[in-house]
Structures are given as C-alpha cells and as structure tokens.
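Student: Here is my input; please provide its structure:
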Amino acid sequence: MSPGSHVSDVDAMTCFLYQSILDPDLGRIIPVFRDMERLLGTDFTHVVAWNRKEERICLNFVTEASVSSAASLYESYYQHVDPRRGIAAALDTGEVFACHDYLDHHYVSHNEFYQDFLIPLGPRYIMAANIARNDTLDAHVVVNYVQGRPEFSASQRAKFKRIVPHLVNWIDLLSKFEVILNLTQSFEAGLSAMQDGVIIFDACKRIGYVNPAGHQYLRTNAAGGGLRLSFAFEDAIEHALERVIRQRIALKLATRGSTPSGPATFEISMVPLPRDGFTVGNETTSVSPNAEQPVSSRVSFLGHFSSSAAMVVIKKLQPRRKDGAFLRAQYGLTPAEADVAVAFIAGATLERLAQSRKTALSTVRTQIRAITAKLGASNLQDLIRKAALMPDEPRGGSG
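Tutor: Numbers count the residues shown, from 1 in each chain. Predicted coordinates:
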C-alpha cells in the first residue's frame, strides 16, 4: 500500500505522513493529504506556513490542481485580510475549529476575503487548526468544503481531531529534519571539496561514506562485493583503526603505496567519532605497504551501517625538497647513500633503486640499512615514517 491508494483508516494515513518526512517532496506529501481528505469526506486541503521572523510565507500548497493557481494570489494579498488567521491565533496549537463556529452567513456575505477570493474559487466551509506556532514558524492546515455542501458534522470533527496531533508532530519533525538535512548537505559538500580522501567507518569497520577523493584509494572486491583499500592497509593499520574505535583515541600513520603516477607516501589520520567525546592521542605509527592485504572481511556495503565510529583521512604527501647535499650535511650520509635516500624518500622501491642504479639488490639493502641507522630509525617502517614527517629543507640548503 502507498499514499494515495485509498487507505481505510487514520493509522495507515499517519504512517505515510511520517514516512514523508524522509522524502519531503510535494509529490510524496500531497497524496498523503489526499488520503486524509477521503477519510474526512472533504474536497481539498490548504497548508500554509509563515516565517514569523522574516514575515513571509515559507510553505504554501493546495491539493486541488484547479485552485492551486490561487496560492500566489493568496500569498501576494489575501493572506493579509484572511479572517481565519485571527481565529486560529486566538486558539491553542492543535485546537480544531470550523469557520461556521465564528463567521455567520451575514459576515461571509459582506467579507472581502470570502466574496472576492475564496467563494469564487469554489470553497465555502473550512475546518482548520494551527499545527505550529513558535518564534520562527506559524503553520496552519485547512480542509475545505466546496459550495453546496453542508457544515461539517460532529463525526468529521472527531476524526480531524484525531489527525491534527499527528500533523503537529509531522511539521515539527519536518522542520527539524530540514535543519539536519541542510547541515548534512553542507557537511558533504565540504568533504567533497577536499583533496584528501575521507572514509567514515562504523563500529564494525563497515564503510558508510567515501568522498570523491577517497574513491581513488579504494578498489572493488568483486568476489566479496565490498570495498578494500588499494594499498597498505594490512594488519597493523586495521589494528590501529580498531584502537581508534575501541579506545577512542586519534592516531596518525605514515605508509607507502602505489598511485597511477607512481609510488607515493601517504599520511593516514584516524579520528574517533563517538557521541560522547574522545581523548586525542599523540601517537604516530608507521606501517609497511602490502597492496594485497584486505581491510577486513567485515568492511562491506551490505547495509546495516550503524552510527559513525571513526573517520579516516588519507593525505598524499608531496615529495620532499631534500637533496643529496642536505642529507649528507644533516645526517652524515655518503654520496651514494644520499642518492639512494633521495630516491627512497621520493617513493622508489628497493627493487626500482637497484634497477635504476644498475647494482645488486643486496647492495641497495646494505645502503638502506646504513641510512636507517644514520637517520636514527629502528627499521624500514620507521624510516618511512621519519621520511614522511621530516621537516622541509631550510631555504638555501645546507651546502
């Protein structure tokens, strides 16, 4: 069953009413009010809301296409002489009234609003209620009888009184959802504009959001139907993400990986996103690259994404401006070691270094061990970290 399919009871109608909050489009909302009209036996509905701070109409629609053109005329002039607004203003939010309770035939026959605007359009009797009144919003729902039909019956009023509290809740939730939606769209626009990759995980390390820049670091796993990082996300990084989520600390890692333009160094920042705050750690870790290692068998787009638990930001570090002379002077490297270090910092692998220098791989390994010791690194992974975090060369170099 869907809205507009002739629902038979108030509960079904209000169910569709609340569902429309998640997709607040008139194409979805109007069929719900059409269902309400069938339940009440009325002809059409007018929903109008004023922004009290800006003194303007912010929502104005009718469910009957033949009178929808009058909405702009009402907005431009007749809202200011509508006697029903004064009646509603004197009543509490959610309180139902009918125009014939307050306005008799003599009044209607001499009133500008009725004689020049409403009755020529077809309506005669209305039943209405204020459904929102606060510092910002003043909203009303009005159900209409066209000319020739009698005044509203007691049973119609009783049914409308059952519906109105749901309309009060509906428009309150709708206005709150609009704020959330606007904030979310602004948040997503900001993340989409970032050059760094952003990936948001839930507590089970399932991916809930990836910005455009982040997609370049992901590859599809056809067998599993999920996503895997395309580089350097082996056990050490998964363990770090586990710590971020469980211990609620922020971590920063440096790793090496491949890109279409060649090897590169990446800085991976992991930030917890718990609802009740977290402790920012001051830890920096290094991991070695392994493009074949999946993130986790639990990371997938299988649905059931729970609340966000961690945000991972992947930043491709620009090549450092170190040259051989700077490294020789700063760390006491030999000319050959300095050349190897410059290439390694730029992202070259040991195999590529051996090939480009036309030397044995064992020679390059020996040179890397010497470089590691002179830079004060404990191992190759620590050397990657130090290279990624090494400050830029001062202008003018060091000779």
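
Student: and the helix or strand residue 27 falls within, what other elements does it pack with?
Tutor: Assigned by DSSP states H and E, residue 27 belongs to helix 26-40. Contact partners of helix 26-40 among helices and strands, from 3 or more Cβ pairs under 8 Å, 6 or more residues apart in numbering; DSSP states H and E: helix 10-19, strand 44-51, strand 56-62, strand 137-146, helix 154-193. Where you see a C-beta, it was placed from the backbone N, CA and C, and this is true even at glycine.

Student: Spatially central residue for the protein, please.
Tutor: Closest to where the C-alpha atoms of the chain average out (Cα atoms, centre = their mean) is residue 184, at 3.7 Å.

Student: can you give me the angle the helix holding residue 27 makes with helix 154-193?
Tutor: In terms of direction (axes from the mean of the first three to the mean of the last three Cα atoms, to 10 degrees), helix 26-40 departs from helix 154-193 by 170 degrees.

Student: Which positions within helix 26-40 qualify as buried?
Tutor: For helix 26-40, burial by neighbour count (16 or more other Cβ atoms under 10 Å) applies to 28-37, 39-40.

Student: shouldn't residue 310 be in contact with residue 272?
Tutor: Yes. The pair residue 310 / residue 272 is scored as a contact, 5.5 Å apart, by Cβ atoms under 8 Å.

Student: Quickly list what's touching both of those two.
Tutor: Each of 244-245 lies in contact with both residue 310 and residue 272 under the rule Cβ atoms under 8 Å, 6 or more residues apart in numbering.

Student: How far off centre is the helix holding residue 27?
Tutor: Remark: helix 26-40 is offset 29 Å from the chain centroid, using Cα atoms, centre = their mean, to the nearest Å.

Student: Check stretch 90-103 too.
Tutor: The answer for stretch 90-103 is 40 Å, by Cα atoms, centre = their mean.

Student: Quick check: buried residues in it?
Tutor: Within stretch 90-103, the residues scored as buried using 16+ other Cβ under 10 Å are 93-94, 96-100, 103.

Student: Could you list which of those residues belong to strands?
Tutor: 96-98 (DSSP state E).

Student: of all the buried residues of helix 26-40, which comes closest to residue 331?
Tutor: residue 28 (66.1 Å; Cβ to Cβ).

Student: Could you single out the most deeply buried of the helices and strands packed on helix 26-40?
Tutor: Stretch with highest mean neighbour count among those: strand 137-146 (a mean of 22; mean count of other Cβ atoms under 10 Å).

Student: Would you mind getting the angle between that one and helix 154-193?
Tutor: The directions of strand 137-146 and helix 154-193 differ by 140 degrees, with the same axes, to 10 degrees as the criterion.
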